[in-house]
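# what follows is a predicted structure for the sequence shown.
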Amino acid sequence: MSFSGFIDFFQKGKTFRPKKKFSPGTLRYSLYKHAQASLNSGINLRSAVQLPPGEDLYDWIAVHVVDFFNRINLIYGTVCDYCNDTSCPTMSGGPKFEYLWADKDRYKKPTPLPAPQYVSLLMDWIETQINNENLFPVSTDVPFPKTFMPLCKKILTRLFRVFVHVYIHHFDRIISIGAEPHVNTCYKHFYYFITEFELVINKELEPLMEMTSKMCQDCLQNE
């Protein structure tokens, strides 16, 4: 599933945040196009996430962090009209899982927030990180900082929580607009990527574990 096809389905302009783009002619742009070509070719998703021979792991992760940020923005954009302070007074994934927000700036201590406020703060925070060239260098001449991998793990962990909230609290909306296959494919792609490189701890994956085991078993059988 190409990102352009993904955008076409989810209506241009409905994205929750502006799409982050790679500059043509850069290494990241080439890696992004390589990743999209693999997805478009119908290759098994587990194979598509593997690091291409000879490529740098951090570059590959940077490309995917930005791509998943874009995609999950689009997915949340389809349910954000139904996700409000009344319907979702906490950022949760069912009764067992509640996510608190902290950013070392405005919210120094983990704070319970309504889901839309949590997601809005999250997307603003991620956008700031990926647009900071000291954290996400644009040029291959500039080395990645030592903080890069821990930062990517935090970004992907928090993006996973958006999947949790959408699947558990708003999946009826996803089904009603016929987006289920697209969201499921995006989720499987995300799940295979984070497990391939051990970017999100198992405890964070628990809320969707049952669904994931069924979905990815089907994925392995059908692809």
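On my side now, so go ahead.
# from here on, just use CA atoms for contacts and neighbour counts.
OK.
# show residues contacting the helix or strand harbouring residue 125.
For residue 125, the element it lies in under DSSP states H and E is helix 115-130. The contact list for helix 115-130 (C-alpha atoms under 8 Å, 6 or more residues apart in numbering) reads 17, 66, 69, 73, 80, 83-85, 88-92, 101, 103, 135-136, 155, 158, 162.
# pull the residues that contact the helix or strand immediately after that helix in the chain.
For helix 115-130, the succeeding helix or strand toward the C-terminus, using DSSP H and E, is helix 148-169. The contact list for helix 148-169 (C-alpha under 8 Å, 6+ apart) reads 58, 61-62, 65, 69, 72, 76, 79, 91-94, 99, 119, 122, 126, 135-136, 187, 194, 199-200, 204-205, 207-208.
# what residues of helix 148-169 count as buried?
For helix 148-169, burial by neighbour count (16 or more other C-alpha atoms under 10 Å) applies to 148-149, 151-153, 155-167, 169.
# buried residues in stretch 49-59?
Buried, per 16+ other C-alpha under 10 Å, within stretch 49-59: 49, 51, 58, 59.
# these two touch, right, the first one and residue 196?
It stands for residue 49. Yes: in this structure residue 49 lies within contact range of residue 196 using C-alpha atoms under 8 Å: 7.4 Å.
# burial of residue 62, as a residue count?
Applying other C-alpha atoms under 10 Å, we find 20 residues neighbouring residue 62.
# got the confidence number for the residue sitting furthest away from the middle of the chain?
In the chain, residue 141 marks the outermost C-alpha relative to the chain mean, sitting 26.9 Å out by C-alpha atoms, centre = their mean. Residue 141 is assigned 82 on the pLDDT scale.
# now do it against residue 150, distance only.
21 Å (C-alpha to C-alpha, to the nearest Å).
# pLDDT score assigned to residue 88?
In this prediction residue 88 is given a pLDDT of 97.
# is it in contact with residue 113, as I believe?
No: using C-alpha under 8 Å, residue 88 is not in contact with residue 113; the gap is 9.4 Å.
# give me the residue at the spatial middle of this protein.
Judging by C-alpha atoms, centre = their mean, the chain has its centre closest to residue 68, at 3.6 Å.
# tell me which element the closest residue in space to that residue that isn't next to it in sequence falls in.
Distances taken as C-alpha to C-alpha, 6 or more residues apart in numbering put residue 190 closest to residue 68, at 7.2 Å, once the chain neighbours are dropped. Using DSSP H and E, residue 190 falls within helix 180-196.
# quick check: buried residues in that helix?
180, 182-183, 185-194.
# which helices and strands does the helix or strand residue 75 falls within pack with?
Assigned by DSSP H and E, residue 75 falls within helix 57-79. Applying 3 or more C-alpha pairs under 8 Å, 6 or more residues apart in numbering; DSSP states H and E, we find helix 57-79 packed against helix 3-9, helix 27-40, helix 115-130, helix 148-169, helix 171-176, helix 180-196.
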